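> Sharing a model prediction with you, sequence too.
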Amino acid sequence: MWFRQAILHGMRNLLISFLVFGLSFLASGSAPAGKKVDTPYGEPKAVFDFYFDDPRQIDSALYWLRSYMNPLMEAPYNLAPEFMDIVVVIHGTEIVTVAKANQHKYADAVGRMKYYASLGVKFRVCGLAAADYGYQVKDFQDFVEVVPSAITELGYWQQRGYGLITPRILDKKFSIEDIR
């Protein structure tokens, strides 16, 4: 009998606690909030795999690169770009964006890539893809290095501990306001 009364008493106290919490939650008008976490990233190193079916998609892919670098250069990390090891391997239709002959057509993307190259990002073009497009080493921007094969290059960097990042470029169907 005393056991049953103890259980009922405990349940009543639990119910009261939930009611008090619920009422205080309603009175405050807000739910418990998320919290900011500063992951200790250390010395970041990544290899980006650029392989797109539309050369204009390189514009969106370069935002992935920006989204990788900018937070690391800001507080609390304050990493200088020279402390980041970043390689971009280009082997899809976007290869045309780094050909000198197309500099004016893709001027914005070329300007951004030159900027990242000045920060130490390495841009590598697949030699097999370059040959498929009829390009030779001399046809590319001066910040570009031509490697034998994109797939071999991606494997090489991953074997050395570089994280593989493959930008996924999607067509935006809704505005942020529409989906909020």
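Received the coordinates, thanks.
> What ranges in this structure fall below the confidence cut-off?
1-29 (pLDDT under 70).
> Helix, strand, or coil at the residue nearest the centre of it?
In the chain, the centroid-proximal residue (C-alpha atoms, centre = their mean) is W64; its distance is 4.2 Å. The three-state label given to W64 by DSSP: H, G, I helix; E, B strand; the rest coil is helix.
> quick one: contacts for the residue nearest to it when sequence neighbours are not counted?
Nearest residue to W64 in three dimensions, chain neighbours excluded: P167, at 4.2 Å (C-beta to C-beta, 6 or more residues apart in numbering). Using the backbone N, CA and C atoms, a C-beta is placed for each residue, glycine as well. For P167, the contact set (C-beta atoms under 8 Å, 6 or more residues apart in numbering) comprises 48-50, 60-61, 64.
> Show me the two of these that sit farthest apart.
Largest separation among the contacts of P167 by C-beta to C-beta: D49 and S60, giving 14.1 Å.
> Between the two, which has more neighbouring residues?
D49 (21 against 16; other C-beta atoms under 10 Å).
> Wasn't the more buried one part of a strand?
Yes - if the criterion is three-state DSSP, then D49 is within a strand.
> ok, so what distance separates it from V146?
17 Å (C-beta to C-beta, to the nearest Å).
> What of A131?
In terms of C-beta to C-beta, A131 sits 10 Å off from V146.
> With neighbour numbers in mind, choose between these two.
V146 (19 against 11).
> Bridge partners for that one, pull those for me.
In this entry, V146 is beta-bridged to V125, by DSSP bridges.
> Could you measure from it over to P32?
Using C-beta to C-beta, we find V146 at a distance of 54 Å from P32.
> next one: E177
For E177 relative to P32 (C-beta to C-beta), the value is 26 Å.
> Quick check: phi and psi at the residue nearest to A61 when sequence neighbours are not counted.
For A61, ignoring the flanking residues on the chain, the nearest one in space by C-beta to C-beta, 6+ apart is P167 at 4.2 Å. Main-chain torsions, P167, degrees, to the nearest 10: phi -60, psi 130.
> got it, and V88?
Torsion angles, degrees, to the nearest 10, at V88: phi -110, psi 120.
> is it true that it touches Y51?
No - the criterion here is C-beta atoms under 8 Å, and V88 misses it with Y51 at 11.1 Å.
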